[in-house]
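K.L.:
coords please:
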Amino acid sequence: MLEPAPALGRRFDLLSLAFAGLIAASLVPIWAFTYFPSQDGPSHLNNANILRLYPWRDLASFRDFYSINLYPLPNWTVHLLLAGLMNVFPVLVAEKLFLSIYVVSYPLAFRYCARGITPAARVGAFLVFPLIFNFLLQKGYYNFSFSVVFYFICVGYWLRNRSDLTARKMASLSLLFILLYFCHLVSTTLACVTIGVLWLWFSFVDLHRSENAASPVSTSVWGASIGIAARTLLAMLPVVSLGFWYVMHQGASAAGRRPASQKFREIFTGEHAHQMRELLVWIPWESFLLGLTVCMLVMRVRSRVGGPRKQDGPLLVVAAMALIYLAVPSEIGQGGGIEPRMVLYLWLTLALWLAIQTYSQFVGRAIVAVAAAATLLLVSMNAITYSKVNGYLREYMTAAPLIKSDSTLLSLDLEDKRGILFVHPFQHAGSYIAAEREVVDFTNYEAGTDYFPIRYLPGADPNTHMGDGEQRPYNINILGYNKNSGRSLEYVLLWGGNDPQTSERPDVKSIMGQLAAGYEQIYVSPQRGMVRLYHRK
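P.N.:
Presented below is the predicted three-dimensional model:
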């Protein structure tokens, strides 16, 4: 049995109300605006819509460009969830519902996991709220973001049932891990690491206690630990097999190793924020967590409770995450962005360890107050930014009615100031139009990879015949695509780039020259002139 912390008495009702209030406040930026201005989110919506329509709608362009990738690859869970929601709700409402599920389940899953170690963990659960709207969610990494929820559910389920893993519970744990795998492999791997570290620590604590007991029973304790490990490994066998297959299928080449000093700095800076002013909240919040950690460690050393405790296990998980972060490259196989994902897990696991500690009434109130203040400040900052970006996105979407359904579209973001400092909400904004008008988006980066549900047919990938529509400076051969691919790019949408400085860039001059030769301008947005739409002559 895991030792429970003292109950927090009648404060529970107020804590529950505050917990629900912060969840409600975190939903405001999602529902207050038409668009959630992430970077890759529109691509996920577009591909989920393709997945929904492909088997049932006879769209010639979809058949000419796309195929369904039926391999058991990660990234399926969120696409299927979005596609299912789109069968009932409009695309943008489906996204809001998905994001609402994420916002509501994130702190609940964290608390569920924490209470698997300390059943009375309530105050500390507030520590996760400022981490909901993290940099990776703003980037539109929906699959990874949702996988964090399943990470806590998987670990929490194991914590609650590890001593009684019946066949039914093993099957449930196996199913949860499979759902986690189909969200993201990084979180799947880290969940396995977390459970492995906690099992080792719990076994060590049980053995230590048995050896110091009046009647040592270390043999039976060790036998019980081995039994837990065997049943856990058996439950994990399907997901381990899937992970092994994926690595063999995709390869495991590493690239982009950076110095440890640079990685250390990034733990405290831009790996959380999607705009610079957020650091005014993140850095004090991180300092608060670190200060609280130091205080708890000092109290732990000075306490009269001798020997190791099971509540110390998550601290070893933090250490394991730190070692992995320092060792991992920026890219493994075809998957990039490994390091910012590890940074998030560093703070999440530290918050988990702090969440299961016992606090005085004063410290508990301070934790709730500081967490609430940080959360509300971040929500307010996001709301201000979302309001501004939504104005531009509404202008962007004024071109949508002019684009015929079942056609092809290339959208290029020419702006030097790319929206929100660390996030580029117009990079894939053309996918909003693609999902609304059911057209092929030539900046559909997911279809150009081999680890998403939708992929380009051989010979149809625009990256092959035209060039990368994301890489700056652009090296785009629009006319060459029309000539060499046997397919037609019918519409080109330009966002920005009409100011004198941008129009003098060599890549912009090349694009404008090609458009002059093969396309005619059919629309300029009246609001600011930021949108220019061209149709093939």
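K.L.:
helix or strand right after the one helix or strand Phe146 maps to?
P.N.:
Assigned by DSSP states H and E, Phe146 falls within helix 142-161. Where DSSP H and E defines the elements, the next helix or strand beyond helix 142-161 is helix 167-181.
K.L.:
which residues does Ser67 contact?
P.N.:
By C-beta atoms under 8 Å, 6 or more residues apart in numbering, the contact list for Ser67 reads 454-457. (Each C-beta comes from the backbone N, C-alpha and C, glycine too.)
K.L.:
again, only this time at 10 Å
P.N.:
Applying C-beta atoms under 10 Å, 6 or more residues apart in numbering to Ser67 gives the contacts 54, 447, 454-458, 460.
K.L.:
now, of these, which are buried?
P.N.:
For these, a neighbour count by 16 or more other C-beta atoms under 10 Å gives the buried set as 54, 447, 454-456, 460.
K.L.:
how about TSV for these, with distance to Ala224 and secondary structure added?
P.N.:
Output for the buried ones among the contacts of Ser67, formatted as TSV (distance: C-beta to C-beta, whole Å; DSSP: H, G, I helix; E, B strand; the rest coil):
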residue	distance to Ala224	secondary structure
Tyr54	50	coil
Ala447	50	helix
Ile454	47	strand
Arg455	47	strand
Tyr456	53	strand
Ala460	57	coil
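K.L.:
next helix or strand past the helix or strand of the chain with the lowest mean pLDDT?
P.N.:
Taking mean pLDDT, DSSP states H and E as the measure, strand 254-255 is the helix or strand of the chain with the lowest mean score, a mean of 68. Heading C-terminal from strand 254-255, the first helix or strand you meet, by DSSP H and E, is helix 260-267.
K.L.:
now that next one: buried residues?
P.N.:
The neighbour-count check on helix 260-267 (16+ other C-beta under 10 Å) flags 263, 266-267 as buried.
K.L.:
if we take the residues you listed, which one ends up nearest to Ser38?
P.N.:
Proximity of the buried residues of helix 260-267 to Ser38 (C-beta to C-beta) peaks at Glu266, which lies at 20.7 Å.
K.L.:
name the element the closest residue to the closest one other than its chain neighbours belongs to?
P.N.:
Nearest-residue entry for Glu266: Val343, 6.5 Å, with adjacent residues in sequence omitted and distances by C-beta to C-beta, 6 or more residues apart in numbering. Using DSSP H and E, Val343 falls within helix 338-355.
K.L.:
which elements pack onto the helix or strand just after that helix?
P.N.:
Going down the chain from helix 338-355, the next helix or strand is helix 361-396, by DSSP H and E. Packing partners of helix 361-396 (3 or more C-beta pairs under 10 Å, 6 or more residues apart in numbering; DSSP states H and E): helix 11-31, helix 279-302, helix 338-355, helix 430-437, strand 491-495, strand 531-536.
K.L.:
in its sheet, what does the next helix or strand after helix 361-396 sit against?
P.N.:
Later in the chain than helix 361-396, the nearest helix or strand by DSSP H and E is strand 408-413. Strand pairing for strand 408-413, determined by DSSP bridges: strand 440-441 (parallel), strand 491-495 (parallel).
K.L.:
list the contacts for Met236?
P.N.:
Applying C-beta under 10 Å, 6+ apart to Met236 gives the contacts 154, 158, 170, 173-174, 177-178, 188, 191-192, 195-196, 243.
K.L.:
could you say which helix or strand holds it?
P.N.:
Assessed by DSSP H and E, Met236 sits inside helix 218-250.
K.L.:
and that helix, what's buried?
P.N.:
Along helix 218-250, these residues count as buried under the neighbour rule (16+ other C-beta under 10 Å): 221, 225, 228-229, 231-232, 235-236, 239, 242-243, 246, 250.
K.L.:
now the residues you listed in TSV, with pLDDT?
P.N.:
Output for those, formatted as TSV (pLDDT from 0 to 100):
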residue	pLDDT
Val221	78
Ser225	88
Ile228	93
Ala229	93
Arg231	95
Thr232	95
Ala235	95
Met236	95
Val239	95
Leu242	94
Gly243	92
Tyr246	89
Gln250	76
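K.L.:
and these, which is closest to Val531?
P.N.:
Looking across those and measuring by C-beta to C-beta, the closest to Val531 is Gln250, at 37.4 Å.
K.L.:
and that closest one, how far is that from Phe244?
P.N.:
Separation of Gln250 from Phe244 (C-beta to C-beta, to the nearest Å): 11 Å.
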